[in-house]
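> Got a predicted model here, sequence first, then my questions.
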Amino acid sequence: MRRTAITLLVVVEILPLVWLFLSSLKQESEFSLNPVYALPEGIHLQNYVDAWTTGRVGTYFLNSLLVVLPSVLLVVLLCATAAFALEILRWPGRNKVLLLFIAGILVPGQMVLLPLFTIYFQLGLLNSKLALILTYVGFGLPLGVFLMVGYYKAVPREVLEAAVVDGATVYQAFRRVALPMVGNAIATVALVSFLFIWGDLLLALTFTSDSGERTIQTGLLAFADQYGARRWGPTFAAISIATLPTLLVFVILNQRVIRGLTAGAVKG
Amino acid sequence: MAAFLRDRRAVVLLLGPALLVYTAVLLIPIIWSLGYTLFEGSILGGFRYVGLQNFETLAGDRRFWDALRFSVGYAVASTIGQVGAGLLLALAYVFWLGRSSTLVRTVVFAPIVLPTVAVATLFAKLFAIAPQYGLVNAGLDAVGLDGLIQPWLGQASTAFWVIVLMDVWRAMGFYAVILFAGLVEIPADVLDAARIDGARRFTLFRRVLLPFLRPVLFTALIFALVGTLKVFDSVVALTRGGPGSATTPLTLYMYDTAFNFLDYGYGSTIAMALAVLCLVVTLALFRFARADVDR
């Protein structure tokens, strides 16, 4: 009974994904001739080629990489420095500023969409990667700062004092002493913001209208509108491509991802 | 040491860049957005000051109230589903699987890391009826339940539940891990004591586990409610708000108002209503949780 329940549970969670990958290998005729739960008759990789080239998923994928990588890098850099200033350094008003950052977790994206659109329109930044990167970094800061501050709390102050006695400047103490001690935090912030930015639809949809600048999620949406109804094989291939990076990250780093994503809730 | 930690220039240099981006991308736009609620128009057609007219319009706008009703109904149904299923899973992890549940926990957690658009596009195919049956309709066909075959996403009544189901499927493993973390904090002797007292299962849960679990449960509820009130990706990719506007939440109504009807003022008013709703829900649950602890 227990074993059945647990097996059923795992099957329910995995079945849609297994169906997705198997279906992405089917020829178009198999969808109309066989029931959709039938196994593929062969390995039809042409779906991936079609989605990647004629469906432009390749362009979207590359666009996403070019936005996601700099964004994640900047989120990590800004969160690591800001949290150091907020948690380790002593100055009046630092708790208020920290609260200001953390309050950002609550703000719905819709609240800032129109002013940002106006700003980017005036600056001619619509359809640019810069607009997306800037916005993603801004949205990544609240949770990132919150997580990093938590980790800096655990850095023993004696270690920093020792560095000062040895004649280190505050920047050296940050880079050589504090930073190496919060490596876990950096990895966590990087992972969480990667997942958020890779999966974003709202911001990318708003700030890009040019089809050549679409990210993977807005591109997938457009792809499904255009080909989705009739051409199931390439659509399944496109979905697989869009999920692959996050799935890969999760397969390799699952426990760290789980800790990172739930940290906000467990500590909060 | 003291001087070292009070280096003002270091504060400016280390905090400055982050604060600058945060101010430009979130703080200023939030205030700006509040200002927009007093105007109508867009950057293309120009703006006109209209005072509080947008709020009057909001009060009498049937589409707004429909969207609000959908958002709230969807948030309540999804939250009950996500946290409820998460709680059952967490209990199963602790009492059935014990400490060896890492693999199952990991597998059940996985869907939340997948991009919502991709998951929704997949679910559109799962529940498809044309040009061929999706997995669900084909499955019903195969086991002889032809009567149940229907256009799941083409009818208001079923489309609502498909979206809820998808979000429960995505998030239940996430809440299971959060609640599991709360459950394993409960001291083993408390559980043993309860068992020796002969507490039956449900009594054990209500009298012993629930009081311990309450703070974590409230956190999970806040996360789930606020998260689902902001639903956008799932709906856009699964139903585009349809059929008609039957599955249009506030977020999508705001988006359409701003970018299809080019009314930034009214769009900002809807966005503000959404932000207020999220804030009220969070504060109410916080207060409720605190009152609960004090008692």
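All right, it came through fine. Keep in mind it's a predicted model, so treat the numbers as computed, not measured.
> give me the element the closest residue to chain B within the stretch 1-150 of chain A is part of.
Using CB to the nearest CB, residue A:138 is the residue of the stretch 1-150 of chain A that sits closest to chain B, at 2.6 Å. All C-beta spots, glycine's among them, are computed from the backbone N, C-alpha and C. Assessed by DSSP states H and E, residue A:138 sits inside helix A:129-153.
> Those residues of the stretch 151-295 of chain B touching chain A, which are they?
When proximity is defined as CB under 8 Å from any CB of the partner chain, the stretch 151-295 of chain B approaches chain A at B:169, B:173-174, B:177-178, B:181, B:216, B:219-220, B:223, B:226, B:230, B:232-233, B:236-237, B:250-251, B:254-255, B:258-259, B:264, B:267-268, B:270-272, B:274-275, B:278-279, B:282.
> Give me the buried subset of those residues.
Among these, those scoring as buried are B:169, B:173-174, B:177-178, B:181, B:216, B:219-220, B:223, B:226, B:230, B:232-233, B:236-237, B:250-251, B:254-255, B:258-259, B:264, B:267-268, B:270-272, B:274-275, B:278, B:282 (criterion: 16 or more other CB atoms under 10 Å in any protein chain shown).
> residues near residue A:199, how many?
Using other CB atoms under 10 Å in any protein chain shown, residue A:199 has 22 other residues around it.
> In contact with it, which residues?
A:217, A:246, B:114-117, B:233 (CB atoms under 8 Å, 6 or more residues apart in numbering or on different chains).
> Show the pLDDT at the closest residue to chain A within chain B.
Nearest residue of chain B to chain A (CB to the nearest CB) works out as residue B:25 at 2.6 Å. Each residue has a pLDDT score; the one for residue B:25 is 96.
> Equivalent analysis for residue A:255, please.
Looking at residue A:255, the pLDDT reads 91.
> who touches it in this structure?
B:102, B:106.
> ok, and it, which helix or strand is that part of?
Assessed by DSSP H and E, residue A:255 sits inside helix A:232-267.
> quick one: that helix to helix A:129-153, angle?
30 degrees (axes from the mean of the first three to the mean of the last three CA atoms, to 10 degrees).
> that older thread, mean confidence (pLDDT) on the helix holding residue A:138, please.
Helix A:129-153 comes out at a mean pLDDT of 95.
> buried set for that helix?
Neighbour-count burial for helix A:129-153 [16+ other CB under 10 Å]: A:129, A:131-152.
> can you list contacts of the helix or strand bottoming out on mean pLDDT in chain A?
In chain A, no helix or strand scores lower on mean pLDDT, DSSP states H and E than helix A:157-165, which sits at a mean of 85. Applying CB under 8 Å, 6+ apart, the external contacts of helix A:157-165 come out as A:88, A:172-173, A:176-178, A:181, B:1, B:4.
> Which neighbouring residues are in contact with residue B:53, exactly?
With contact set as CB under 8 Å, 6+ apart, residue B:53 has these partners: residue B:40.
> do residue A:196 as well
So, once contact is read as CB under 8 Å, 6+ apart, residue A:196 ends up touching A:136, A:139-140.
> roughly how far is the helix or strand hosting it from the heart of the chain?
Assigned by DSSP H and E, residue A:196 falls within helix A:183-199. Averaging C-alpha positions (CA atoms, centre = their mean, to the nearest Å) puts helix A:183-199 7 Å from its chain's average.
> And stretch B:114-131, by the same measure?
Counting by CA atoms, centre = their mean, stretch B:114-131 is centred 19 Å from the centre of its parent chain.
> Is there proximity between it and chain A?
Yes. Counting by CB under 8 Å from any CB, contacts between stretch B:114-131 and chain A involve B:114-119, B:121-126, B:130-131.
> Without its sequence neighbours, what residue ends up closest to residue 259?
Just so you know, I chose chain A. In this structure, residue A:259 finds its nearest non-sequential neighbour in residue A:188, 6.9 Å apart by CB to CB, 6 or more residues apart in numbering or on different chains.
> wait, I meant chain B there
Residue B:259's closest residue in space is residue A:206 (CB to CB, 6+ apart), at 7.4 Å.
> dump the residue contacts of that neighbour.
Applying CB under 8 Å, 6+ apart, we find residue A:206 in contact with A:113, A:116-117, B:255, B:259.
> Number of residues surrounding residue B:34?
With other CB under 10 Å as criterion, residue B:34 counts 16.
> what helix or strand is it on?
Using DSSP H and E, residue B:34 maps to helix B:28-36.
> what's next to that helix, contact-wise?
A:107, A:111-112, A:114-116, A:118-119, B:264-265, B:267-268, B:271-272.
> how about these, which pair is most distant?
A:107 and B:265 (19.5 Å; CB to CB).
> Can you check the pLDDT for the nearest residue to residue B:97 once chain neighbours are set aside?
Distances taken as CB to CB, 6+ apart place residue B:104 nearest to residue B:97, at 6.1 Å, with adjacent residues excluded. pLDDT for residue B:104: 89.
> Also residue B:289?
77.
> three-state assignment of it?
Put simply, residue B:289 is helix when judged by DSSP: H, G, I helix; E, B strand; the rest coil.
> Against residue B:172, how distant is it?
The gap separating residue B:289 from residue B:172 is 22 Å, by CB to CB, to the nearest Å.
> ok, now residue B:193?
Distance, residue B:193 to residue B:172, by CB to CB: 30 Å.
> out of these two, which sits in the busier spot?
Remark: of residue B:193 and residue B:172, residue B:172 carries more neighbours, 27 against 12, as counted by other CB under 10 Å.
> and the strand or helix carrying that one, what does it pack onto?
For residue B:172, the host element (DSSP H and E) is helix B:156-183. Judged by 3 or more CB pairs under 8 Å, 6 or more residues apart in numbering or on different chains; DSSP states H and E, helix B:156-183 is in contact with helix A:2-23, helix A:232-267, helix B:62-92, helix B:102-109, helix B:116-126, helix B:210-229, helix B:233-238.
> Let me have those in JSON lines, adding distance to residue A:124 as columns.
Shown next, in JSON lines, are those (distance: least, CB to CB, whole Å):
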{"stretch": "helix A:2-23", "distance to residue A:124": "39"}
{"stretch": "helix A:232-267", "distance to residue A:124": "29"}
{"stretch": "helix B:62-92", "distance to residue A:124": "33"}
{"stretch": "helix B:102-109", "distance to residue A:124": "42"}
{"stretch": "helix B:116-126", "distance to residue A:124": "28"}
{"stretch": "helix B:210-229", "distance to residue A:124": "34"}
{"stretch": "helix B:233-238", "distance to residue A:124": "27"}
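> which of these sits most buried?
Counting by mean count of other CB atoms under 10 Å in any protein chain shown, helix B:116-126 has the highest mean neighbour count of those, with a mean of 25.
> And the contacts of that helix?
Under the contact criterion CB under 8 Å, 6+ apart, helix B:116-126 has outside partners A:16, A:19-20, A:23, A:199, A:201, A:217, A:220-221, A:224, A:228, A:232, A:235-236, A:238-239, A:242-243, B:111, B:134-136, B:153, B:162, B:166, B:170, B:233-234, B:236-238.
> cool, and stretch A:51-66?
By CB under 8 Å, 6+ apart, stretch A:51-66 touches A:129, A:198, A:211-220, A:223, A:227, A:234-235, A:237-238, A:241-242.
> which regions of chain B sit below the pLDDT cut-off?
Residues of chain B meeting the criterion pLDDT under 70: B:1-3, B:98-100, B:194-199, B:292-295.
> ok and the residue in the stretch 151-268 of chain A nearest chain B?
For the stretch 151-268 of chain A, CB to the nearest CB, closest residue to chain B: residue A:199, 3.7 Å.
> can you count the residues close to the nearest residue to residue A:145 once chain neighbours are set aside?
Residue nearest to residue A:145 in three dimensions, not counting chain neighbours: residue A:101, with 4.6 Å by CB to CB, 6+ apart. Neighbours of residue A:101 under the rule other CB under 10 Å: 24.
> What are the buried residues along stretch A:39-46?
The neighbour-count check on stretch A:39-46 (16+ other CB under 10 Å) flags A:40, A:44 as buried.
> how about that stretch against chain B, any contact?
No. Legend: contact between stretch A:39-46 and chain B by CB under 8 Å from any CB is lacking; minimum distance shown is 13.1 Å.
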